[in-house]
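# Got a sequence here, can you model it:
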Amino acid sequence: MTPLRVLELGNYVVPAYAGMILAEQGADVQKWTNGKDPILGCRSGAELWAWINHGKTLLNRPAASLAGDPPSVDIVIDNFRPGTLAGWGVDPVALAERHGWVWVSMRSEVGERSFDLITQARSTAEYAPHIPFWLGDTAGGLWVAFKALAMHAAGRPGHYVLGQASCLQKLVEGELCVERPEPLPGNVVPWDADPYRMCDGAAVVEYKGDRLEEPIRSREWKLANLWHVKGRMRV
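The predicted model follows:
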């Protein structure tokens, strides 16, 4: 069976994480890059670049050439600003219709710019502290990959636009369906009457008379017990 052909466009983490997830599931992922991605300027940027682009084919090719010389792909993913694409003369709606592509774009719901921390401020920071894992980016990338696969499987080519904060909010959507109760000692989860809490460096769950405790695990423990291949989790 011919693998799914994916073109990854854009910068930083969201499309790169989506492309990585698709490559891990067997897709043939092409990433067009100009060598100026902000990832390369991060602390340990070379290591991050190698991790997030594992299994892809990297090509030095400008995204602006897409309209004049379209590749043979099934799926396109990006996080460029709409104004940037328009300035290049690249119309995702028209190109997806012309070539039968499923094109999924990550966008900001308000304005044209969004970042992980902005996404958390718009979505989860009302209820939880900042999570220093680029959760807004990786959650967004996961939803981009899911949307692309779902629409391709359904035979529904076209241009689909996702909102980054909305994608993060989807992970806690159920908790917003009801009014959040007044915080109780050790339990601020709206659905659970039994306490869930972190206490003295351990997770504590009390459920039907049982008390479960799990210490916070180290990197060494995770590498020894979680399911992975050389640090890459098996999903």
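# Residue ranges in this protein under the pLDDT threshold?
For the chain, the stretches with pLDDT under 70 are 180-190, 192-195.
# and the longest helix seen in it, what other elements does it pack with?
Longest helix in the chain by number of residues, with DSSP state H as the criterion: helix 135-153. On a contact count with 3 or more C-beta pairs under 8 Å, 6 or more residues apart in numbering; DSSP states H and E, helix 135-153 meets helix 13-24, strand 75-78, strand 102-107, helix 116-123, strand 158-163, helix 164-170. All C-beta spots, glycine's among them, are computed from the backbone N, C-alpha and C.
# just checking, what packs against the fifth one?
Counting contacts by 3+ C-beta pairs under 8 Å, 6+ apart, strand 158-163 is packed against helix 92-99, strand 102-107, helix 135-153.
# Buried residues in the last one, which are they?
Read it as helix 135-153. For helix 135-153, the neighbour count (16 or more other C-beta atoms under 10 Å) marks 135-149, 151-152 as buried.
# Check the first one too.
Of all the residues in helix 92-99, those buried under the rule 16+ other C-beta under 10 Å are 92, 95, 96.
# of all these, which comes closest to residue 220?
Proximity of those to residue 220 (C-beta to C-beta) peaks at residue 92, which lies at 44.8 Å.
# Name all residues that make contact with the closest one.
By C-beta atoms under 8 Å, 6 or more residues apart in numbering, the contact set of residue 92 is 76, 78, 85, 103, 105, 159.
# So the third one lies in a helix, does it not?
I take that to be residue 85. Yes - read with DSSP: H, G, I helix; E, B strand; the rest coil, residue 85 is one of the residues of a helix.
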